[in-house]
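*Asks:* Okay, here's the prediction I keep looking at, along with the sequence it came from:
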Amino acid sequence: MSENPVAEVTDATFTEVLGSDVPVLVEFWATWCGPCRMVGPVLEQLAAERAGELAVRKVNADENPETTRSYRVMSLPTMILFSGGEPVETIVGAFPKARIEERLDRALKAPSL
């Protein structure tokens, strides 16, 4: 499978994130953002390793201002974990894979309210 496991979503296609049967980690990024380029390969690894249990998507913040604004994204990169169509965890900044996985696992294991 040569397809990139981290597909782009836009203002027009963001409903695919909200309607997903599996949790979705969405990275808000921009081409000029150096830390975003550092996080990209980590997210590709996570997407490949957790295929079927976690989807990973990217939103270009410059090209999709409506979605970026509606989730109050102020810094890049910002990663928001959606579960059941709702944001359940927000990670702002570039972190090592282990730290991102720790935050994801903690959020996904948290009991539902």
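*Replies:* Cool, got the structure.
*Asks:* Can you tell me how far the most centrally placed residue in the chain is from residue 110?
*Replies:* In the chain, the residue lying closest to the centroid (Cα atoms, centre = their mean) is residue 26, at 1.8 Å. Residue 26 is 18 Å from residue 110, where distance means Cβ to Cβ, to the nearest Å. In this view, the C-beta of every residue, glycine as well, is placed from N, C-alpha and C.
*Asks:* Low-confidence stretches in the protein?
*Replies:* 1-4, 111-113 (pLDDT under 70).
*Asks:* Show me where it has its strands.
*Replies:* Using DSSP state E, the strands found in the chain span residues 6-8, 24-29, 55-60, 78-83, 86-92.
*Asks:* Would you reformat these as CSV and include distance to residue 99?
*Replies:* Below are the strands of the chain laid out as CSV (distance: least, Cβ to Cβ, whole Å):
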stretch, distance to residue 99
strand 6-8, 18
strand 24-29, 14
strand 55-60, 16
strand 78-83, 11
strand 86-92, 8
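*Asks:* To residue 47, which of the ones you listed lies closest?
*Replies:* strand 55-60 (3.9 Å; Cβ to Cβ).
*Asks:* by contact count, what packs against that closest one?
*Replies:* Using 3 or more Cβ pairs under 8 Å, 6 or more residues apart in numbering; DSSP states H and E, the elements in contact with strand 55-60 are strand 6-8, helix 15-18, strand 24-29, helix 34-49.
*Asks:* closest to residue 62 out of these?
*Replies:* Comparing the helices and strands packed on strand 55-60 by their distance to residue 62 (Cβ to Cβ), the top pick is strand 24-29, with 9.2 Å.
*Asks:* just how off-centre is the closest one within its chain?
*Replies:* How far strand 24-29 lies from its chain's middle: 2 Å, per Cα atoms, centre = their mean, to the nearest Å.
*Asks:* Pairing partners for it, with directions?
*Replies:* Paired neighbours of strand 24-29 in the sheet (DSSP bridges): strand 55-60 (parallel), strand 78-83 (antiparallel).
*Asks:* Any chance of CSV for those, columns mean neighbour count and distance to residue 105?
*Replies:* Shown next, in CSV, are the strands paired with strand 24-29 (neighbours: other Cβ atoms under 10 Å; distance: least, Cβ to Cβ, whole Å):
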stretch, mean neighbour count, distance to residue 105
strand 55-60, 22, 15
strand 78-83, 21, 10
